[in-house]
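Trainee: for reference, the sequence and a predicted model appear below.
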Amino acid sequence: MSINPAETKVALLYGGTSGERAISIQSGQGAAGALREAGYQVTMLDPANKEDLVKLVKEPFDVAFLCLHGKGGEDGTMQGMLEILGIPYTGPGVWSSATAMDKAKSKVHYLEKGISTPRSVTLHAADQMTPAELEQKLGRKIVVKPASSGSALGVSIVEGTADVQKALDDAFALDDEVVVETFVSGTELTVAVLGNDDPTALPVIEIVPQIGDFYDYESKYAAGGSQHICPARLSEKDTQHVQALAVAAHKALECQGVSRTDIILDENGTGWVLETNTIPGMTATSLLPDAGRAAGMSFPELCTKLIEYALEK
């Protein structure tokens with residue numbers, strides 16, 4: 001598809017009202033810079049401001065570029081508004097966005113397609129499952145995470161009654177639904193996938209946290225919090241295995257345009273899908289642009305690719 005950037009008006013949506021607002025602002029600023037470098041007409045709009053929403057409705061935009069992370073942006077709500085307005089937008093559609101945002105529902109679709117994902121239970125605020133019962137079902141070391149939060153907000157890896165109860169309390173403070181799953185030890189990987197009808201995986205990124213024991217919020221965003229190795233230090237067989245898993249997850253959730261799936265590769269060479277992100281971070285040093293560069297795409301070229309997929313679908 002041939003696009004003339006100078007004639008393409010882009011509504012770049014960023015900020016929003018979720019707990020990931022600060023990161024969304026960084027993503028928006030990063031993507032805006034890349035899009036302007038590519039020659040696009042970019043208007044930055046923050047849905048937290050009603051005046052910006054009025055602009056979105058009234059002004060003639062050719063495409064919306066989404067940099068909204070978390071609830072109110074990554075969960076299908078903004079996608080639904082754009083569908084009503086008739087504005088093409090980057091990334092997956094309403095159903096895919098809403099399903100991927102809910103880690104419990106994502107697992108249902110992973111398992112339906114035969115994709116390995118850690119054993120889990122889903123709890124709601126009214127559920128009374130004790131730490132001992134969770135240990136009996138899932139093992140002593142478990143992962144507790146809010147079902148619909150991103151950026152690893154509220155995620156804990158714990159063992160022992162007191163720690164489990166605190167982790168549950170912390171997760172329920174952020175969400176009414178909590179996923180508790182068996183801890184899988186291994187190499188932390190993430191794989192971005194691009195495309196609509198025939199999606200392909202980008203080079204695998206290995207994540208080595210430098211702060212804490214796993215890729216939590218601080219490791220993601222603090223200076224020097226993690227090391228990203230791309231391509232990952234994997235055999236060709238393991239690389240193909242995890243790339244195939246990421247494409248399978250993309251398809252299982254009926255994603256379009258872009259997704260990024262987090263995977264643990266255990267010592268036996270089995271990949272375990274943890275979750276799929278439908279609006280990956282878009283700062284110049286984020287994981288998706290890193291993978292794009294490893295595949296030979298500059299940041300502006302990657303952003304152009306996402307717009308092409310949006311207009312194609």
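Mentor: Structure's in. What do you need?
Trainee: residue ranges of the helices in this protein, please?
Mentor: 21-37, 50-58, 77-85, 94-101, 103-112, 131-138, 161-172, 217-221, 236-252, 287-294, 299-312 (DSSP state H).
Trainee: how far off centre is the first one?
Mentor: Think helix 21-37. Centroid separation for helix 21-37 versus its chain: 16 Å, with Cα atoms, centre = their mean, to the nearest Å.
Trainee: how about the fourth one?
Mentor: Averaging C-alpha coordinates over helix 94-101 and over its chain gives two centres that are 11 Å apart (Cα atoms, centre = their mean).
Trainee: helices or strands next to it in the packing?
Mentor: Applying 3 or more Cβ pairs under 8 Å, 6 or more residues apart in numbering; DSSP states H and E, we find helix 94-101 packed against helix 77-85, helix 103-112, strand 271-277. Quick note: C-beta positions are derived from backbone N, CA and C, even for glycine.
Trainee: let me know which of these is the nearest to A167.
Mentor: Among these, helix 103-112 comes nearest to A167, with 15.0 Å by Cβ to Cβ.
Trainee: related to what we said a few turns ago, lowest-confidence stretch among the helices of the chain?
Mentor: In terms of mean pLDDT, the lowest-scoring of the helices of the chain is helix 217-221 (a mean of 47).
Trainee: what residues of stretch 226-241 count as buried?
Mentor: Neighbour-count burial for stretch 226-241 flags S226, H228, C230, A232, L234, D238, T239, H241 (criterion: 16 or more other Cβ atoms under 10 Å).
Trainee: tabulate the helices of the chain in a markdown table, adding columns for distance to T200.
Mentor: Shown next, in a markdown table, are the helices of the chain (distance: least, Cβ to Cβ, whole Å):
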| stretch | distance to T200 |
| --- | --- |
| helix 21-37 | 21 |
| helix 50-58 | 31 |
| helix 77-85 | 23 |
| helix 94-101 | 17 |
| helix 103-112 | 20 |
| helix 131-138 | 34 |
| helix 161-172 | 35 |
| helix 217-221 | 25 |
| helix 236-252 | 7 |
| helix 287-294 | 12 |
| helix 299-312 | 11 |
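Trainee: tell me the contacts of the residue of the chain most remote from its centre?
Mentor: Centroid-distance maximum for the chain: A132 at 31.5 Å, with Cα atoms, centre = their mean. The neighbourhood of A132, defined by Cβ atoms under 8 Å, 6 or more residues apart in numbering, consists of T161.
Trainee: look up how far K9 lies from D198.
Mentor: For D198, the distance to K9 equals 28 Å [Cβ to Cβ, to the nearest Å].
Trainee: so between those two, which is more surrounded?
Mentor: More neighbours surround K9 than the other of D198 and K9, with 13 against 6 (other Cβ atoms under 10 Å).
Trainee: can I assume the more buried one is in contact with T43?
Mentor: Yes: contact criterion Cβ atoms under 8 Å: K9 and T43 qualify, at 7.1 Å.
Trainee: where's the nearest residue to L234 once chain neighbours are set aside relative to E188, distance?
Mentor: Using Cβ to Cβ, 6 or more residues apart in numbering and skipping residues adjacent in sequence, the residue nearest L234 is V204, 6.3 Å away. The gap separating V204 from E188 is 11 Å, by Cβ to Cβ.
Trainee: higher neighbour count, the two?
Mentor: Comparing V204 with E188 by other Cβ under 10 Å, the one with more neighbours is V204, at 27 against 19.
Trainee: let's have the helices and strands packed on helix 94-101 in TSV, adding mean neighbour count.
Mentor: TSV is the format used below for those (neighbours: other Cβ atoms under 10 Å):
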stretch	mean neighbour count
helix 77-85	18
helix 103-112	18
strand 271-277	24
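Trainee: residues in contact with the closest residue to G292 other than its chain neighbours?
Mentor: Nearest non-adjacent residue to G292, counting by Cβ to Cβ, 6+ apart: L302, 4.0 Å away. By Cβ under 8 Å, 6+ apart, L302 lies in contact with A34, L288, P289, G292.
Trainee: L302 and H109: what is the separation?
Mentor: Taking Cβ to Cβ, one finds L302 at 27 Å from H109.
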